[in-house]
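*Asks:* Below are the sequence and a predicted model for it; my questions follow.
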Amino acid sequence: MSCSAIYILDVKGKVLISRNYRGDIDLGVIEKFMPLLMEKEEEGLLTPILQIPECTFSYIKTNNLYIVSTTKKNGNIALVFVFLHKIVQVMTEYFKELEEESIRDNFVVIYELLDELLDFGYPQTTDTKILQEYITQEGHKLEIQPRIPVAVTNAVSWRSEGIKYRKNEVFLDVIESVNLLANANGNVLRSEIVGAIKMRVYLSGMPELRLGLNDKVLFESTGRGKSKSVELEDVKFHQCVRLSRFEIDRTISFIPPDGEFELMSYRLNTHVKPLIWIESVIERHAHSRVEYMIKAKSQFKRRSTANNVEIFIPVPHDADSPKFKTTIGSVKYAPEQNAITWSIKSFPGGKEYLMRAHFGLPSVVCEDTEGKPPIQVKFEIPYFTTSGIQVRYLKIIEKSGYQALPWVRYITQNGDYQLRTN
Amino acid sequence: MTDSKYFTTTKKGEIFELKSELNNDKKEKKKEAVKKVIASMTVGKDVSALFPDVVNCMQTDNLELKKLVYLYLMNYAKSQPDMAIMAVNTFVKDCEDPNPLIRALAVRTMGCIRVDKITEYLCEPLRKCLKDEDPYVRKTAAVCVAKLYDISSGLVEDQGFLEQLKELLSDSNPMVVANAVAALSEINESSPTGQPLVELSTNTINKLLTALNECTEWGQVFILDSLSNYTPRDEREAQSICERITPRLAHANAAVVLSAVKVLIKMMEILAGDTEFCNTLSKKLAPPLVTLLSSEPEVQYVALRNINLIVQKKPDILKHEMKVFFVKYNDPIYVKLEKLDIMIRLASQVNIAQVLSELKEYATEVDVDFVRKAVRAIGRCAIKVEPSAERCVATLLDLIQTKVNYVVQEAIVVIKDIFRKYPNKYESIISTLCENLDTLDEPEARASMVWIIGEYAERIDNADELLDSFLEGFGDENAQVQLQLLTAVVKLFLKRPQHTQGLVQHVLSLATQDSDNPDLRDRGFIYWRLLSTDPAAAKEVVLADKPLISEETDLLEPTLLDELICHISSLASVYHKPPTAFVEGRSAGIRKTLPARQGSDEGAGAGAAAAETTVIPNQESLIGDLLSMDINAPAPSAAAAPAAPLASNVDLLGGGLDVLLGGGSDIGGGGAVSAAAPTTTGLLGDIFGIPSAPTMYTPPKVIWLPAEKGKGMEIYGTFSRRSGQMAMEMTITNKAMQAMSGFAIQFNKNSFGITPCAPMNVPALQPGQNLEYSLPLNTTGPVQRMDPLMTLQIAIKNNVDVFYYACQIPIQILFGEDGTLDKRVFLTTWRDIPGANEVQYTLNDIKGNTDTVSNKMTLNNIFTIAKRNVEGQDMLYQSLKLTNNIWVLLELKLQPGVPTATLSLKSRSVEVAPYVFQAYESILKS
């Protein structure tokens, strides 16, 4: 652990705000951060950890801000990075946008937050919902002193007591992102599904929830091996889920935080057909033109439909005078991204569409070489999961005994979906 | 309305203006003023002059204002220690405030003010706060103890805060427990003696494991990290800890997962290797590690650096996961490079096709550093996965055809290494390489090309022209290229003396007269002298076979690896350096080692801890490591010296200097100096082994069969091994009154299948006569495990009767002459053998220095694979092989001038250990 100090810097390396936690490193060392970063970047040796004799800098970059932590010990660096991202999350939840302006506008609250998030370099309370109960932006105009929410030190540190809703509801979104990596020959190198179950919880009191999935391990252990089930390769849970309980009998039981959060994520390798497959033929005629023939194929069931499909095709940066021809959707050239985007609003399963593009190329060839960025695809298929995961039940028990309604939605979308080109 | 308005103040008389505002009676005004002060502080203005005025605002019931004043105090108290004392009263009062938020705030802030005078007043409030009824205050106070320890460790110990902190480990509130653990770990780490001040007991561990289920994600990390410092009493405890920690692998927080992995890997070290429990546990580790690769790039980077360690420690865990390390187009460069490194580590014959096609793809990307590393990786694969070398070479040739300048250069550098690994195999590609000669502009690539030309001068028709063209700009070349040119031209001359005399004279004069590089000059002079005095010798030296290089590249040393495994998820695990290398002073803490294994001596942990581990330099030059690694191993040892003229080429001096200078710049030709371990020991064997056969230690004869039991026949005997032949040496005396004849001998089944090669052939023995007889033995007999292991039961017969007796075989006669291991194989074998199979032993009364010890051992077929000097201790890595193909690996730690030495033994059949130790004892005493 042990961050010695936390700094937020603007893109030029100027300190916007900082907090010294341990006083074992001179705050001024931050002056050396930017020059070192530039030097390493120049050498191509940039890593998120930079070392100088006095200390080690660990940093992340977000919205043109650098969040930097210093340490001179052998700290737990994984924790530092997860924590730095947490800071960004908390502040974004507080100020909507974490940027130079919002930092100046809220410096008092930021100091208060930094004081509460970390003590002597050890992360403490980082739950926005709970923090908001005693650190607020309005200042405490009324002379009532805020109290520590019990939750801060409770075993249930993520939910306060006494929450009340008139209508008790829970929304579950099962979102599966498909990661795909295919090489130029059309072979799938890697395909995996990263799923997430996101919840929006509007429940009164301290409800006990139990979620039932068609989890293969559970089915097999309870003798329902024949029912349709899904084998989850790795599951990660929000801290509210009782992990030891899950380890014992695969029960997902928890007291949820209030509002929106990600309950769990899972990962599985699949051998299913890529949902949207792209074949590309690229003919380059040096010094004159380049032609693209792109075929997009939807390889899922006919009754499903992919929405807002966008196929992102990189083109040479010196290409000019684009011409397109397509059977469906629209094609746009985005010179600033050196790419064309083929958008198809609605793409039913089992269909195949074609697009042709033609570009002129200058007769003079430019010196710097270009990489071969892959074709990327964005899409969304509602009411469908690739893995076949299903929410079987969501039981909600609260001592007041109210009835609550769970709503479930399924959606499959692209994750890191890349097809390499020739 | 936003706070940004506070940043805009009138420049003139700012401080003065603020001062009056701070002293305003209206609360609102005061607060505004303090905010302005803090704003100025934030942008780096010095507002310390306002100290008394700000402190005056401290007594307020407005929490926001109080917090700001506290913040100001923390920043400026150090510069105004005398005035800071003014704040003490308020602090002490606030520590008793009815609102726990304020009590906690006060004790938290006080701990951050590093002013001695304030610290004195901190003790009382802190003591109270540690017992506060509110857990929020207690958890804050727990951390405050660590703060106080940092300022004045004596105070903490004297005031009994350590005991109070320890009590908090049993607190009912999980957050308090977590912070108490964090504070204790921190205090333990900075303990001046290096010994932890507070040891964790089994009881405490149980409490921590319970708290683990209830505290925040960060608290879980604190607890897991402190558990990783605990060594369980026995396997059962280790297993139960594992069971309770495994669920953490499903936590969404990557830091929790990595810390859990750390504890689990450490505990697995204690558990017996091949149990079902361990295997299931290993399987459970892979998915979470893979999932870490979907986290934020910085976390991915940390995860990859750690996976790099885990893959070296436990190669099996991720061996099927190659694909997840494939590089994505939009990965940050630091992630790409780390993935590449792991891909090479996981490369095997099974997946090489896939890996190569990926690497080829990467080699056509734009990022130059990445492309270079990808090309180097192909070379590493060629060296590592032997059966696929040809495919790798073909891939490299394809890449050379792309004519992309840096790709070609990088490819040539690695092809040079491939030539070193597989001499006389891929020379057909030399012509393709030569075509690209003109495009090479980097010293390393030029030097590699020159080396190739020199090495294969006889096959390149225009080698002289090519080298001549290089000589034109000799003065402008980099020193590394100059050295290679010199050597290459001399090689060329020795191979084709007809038309190259002018060339060699030219280069010698360039090197000796026109250069002011002493390295080059000296090497030039040596060549010159050598060529002029004895061309035949020159040929022998310069054109000698070079030792092959192997793929040990950047494997970490086992002891360092073990230490780093204990530091998983910390900075050390990212740097791949022990904390002592980058943390100053006492806070570096004690050296961590994996727990002592079951069945080994207590000394195991401590022994390993004392070993200073060296870090293998520059990770980025992959193949370069091959050479530099060999250099620091056996070359300088005295034992190797007589072998040097045979093995090394001319670069005696140059090479020597290179060794001194770190050798990084030396490639190819000079690299021969780096006499790779296997051949060196081989040579040692040749030189000492054969002529020294008589000096192999043979124990003195002992009585096997006394005359009274043998009806007058008395047998003294021992066992020997000469030039690979085992024998039973006997002195048979006839003490009876009549002649003895008709001798025959038979061995019972024994552990090693020892049996006579031929029937016993002894003439009749007259009364009073004795006879020396040597019975040759081999190991083709029936095998049965004996107890004790080395017992041999013998039946000997004469015309009188049959007699039975048993004797002990000294194990060294079973040490084979082929007991030397390749250095890399040694490393991997050492690692693969589970920790439970390690045994330690202390040798006393050692005479002589390391080299004499090593020589003595070599005579007895115990081969030194590598020698290292660390922290004044000599470490000998030795291997031996028993006749039944059991390998025994040893690490002997000697300290010059100290008569005791520590011997660690690892073997799949650990039951031979005591006998090997006995052998060491007797050999050393001989």
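*Replies:* All right, it came through fine. Residues are numbered from 1 along each chain as shown, chains lettered A, B, ... in the order given.
*Asks:* which one in chain A is furthest away from the centre?
*Replies:* Distance to the chain centre peaks in chain A at residue A:363, reaching 43.0 Å (criterion: C-alpha atoms, centre = their mean).
*Asks:* give me the element the residue of the stretch 301-422 of chain A found nearest chain B is part of.
*Replies:* Per C-beta to the nearest C-beta, residue A:371 is where the stretch 301-422 of chain A lies closest to chain B, at 3.7 Å. Where you see a C-beta, it was placed from the backbone N, CA and C, and this is true even at glycine. Secondary structure assignment for residue A:371, by DSSP states H and E: no helix or strand.
*Asks:* quick one on the thing from earlier: hmm, residue A:288 and the residue farthest from the centre of chain A touching each other?
*Replies:* Yes: counting by C-beta atoms under 8 Å, residue A:363 touches residue A:288, with 7.4 Å between them.
*Asks:* coming back round to it: what about the residue of the stretch 301-422 of chain A closest to chain B, how many residues nearby?
*Replies:* By the criterion of other C-beta atoms under 10 Å in any protein chain shown, residue A:371 has 13 neighbours.
*Asks:* For it, report the pLDDT, please.
*Replies:* Looking at residue A:371, its pLDDT reads 74.
*Asks:* so who does it touch?
*Replies:* Going by C-beta atoms under 8 Å, 6 or more residues apart in numbering or on different chains, residue A:371 touches B:329, B:365-367.
*Asks:* Buried only: go through those for me.
*Replies:* With neighbours counted using 16 or more other C-beta atoms under 10 Å in any protein chain shown, those contain these buried positions: B:329, B:365.
*Asks:* Looking at the contacts of residue A:371, which is nearest chain A?
*Replies:* residue B:366 (3.7 Å).
*Asks:* Just confirm the closest one contacts residue A:317, I think it does.
*Replies:* No: counting by C-beta under 8 Å, residue B:366 stays clear of residue A:317, with 11.7 Å between them.
*Asks:* Show me where the stretch 501-650 of chain B dips below the pLDDT cut-off.
*Replies:* B:550-554, B:585-590, B:596-650 (pLDDT under 70).
*Asks:* Write out the residues of the stretch 301-422 of chain A neighbouring chain B.
*Replies:* A:369-374, A:416, A:418, A:420 (C-beta under 8 Å from any C-beta of the partner chain).
*Asks:* Adding distance to residue B:316, write these out as a markdown table.
*Replies:* Output for those, formatted as a markdown table (distance: C-beta to C-beta, whole Å):
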| residue | distance to residue B:316 |
| --- | --- |
| A:369 | 40 |
| A:370 | 41 |
| A:371 | 36 |
| A:372 | 35 |
| A:373 | 36 |
| A:374 | 32 |
| A:416 | 28 |
| A:418 | 30 |
| A:420 | 31 |
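*Asks:* Can you say which two of these are spatially most distant?
*Replies:* Across these, no pair lies farther apart than A:369 and A:416, at 24.5 Å, counting by C-beta to C-beta.
*Asks:* Who has more neighbours out of those two?
*Replies:* residue A:416 (19 against 12).
*Asks:* the strands in the stretch 151-300 of chain A, which residues?
*Replies:* A:169-182, A:188-202, A:208-213, A:234-237, A:252-254, A:259-269, A:276-285, A:289-298 (DSSP state E, counting those that start in this stretch).
*Asks:* Brilliant, that's me finished.
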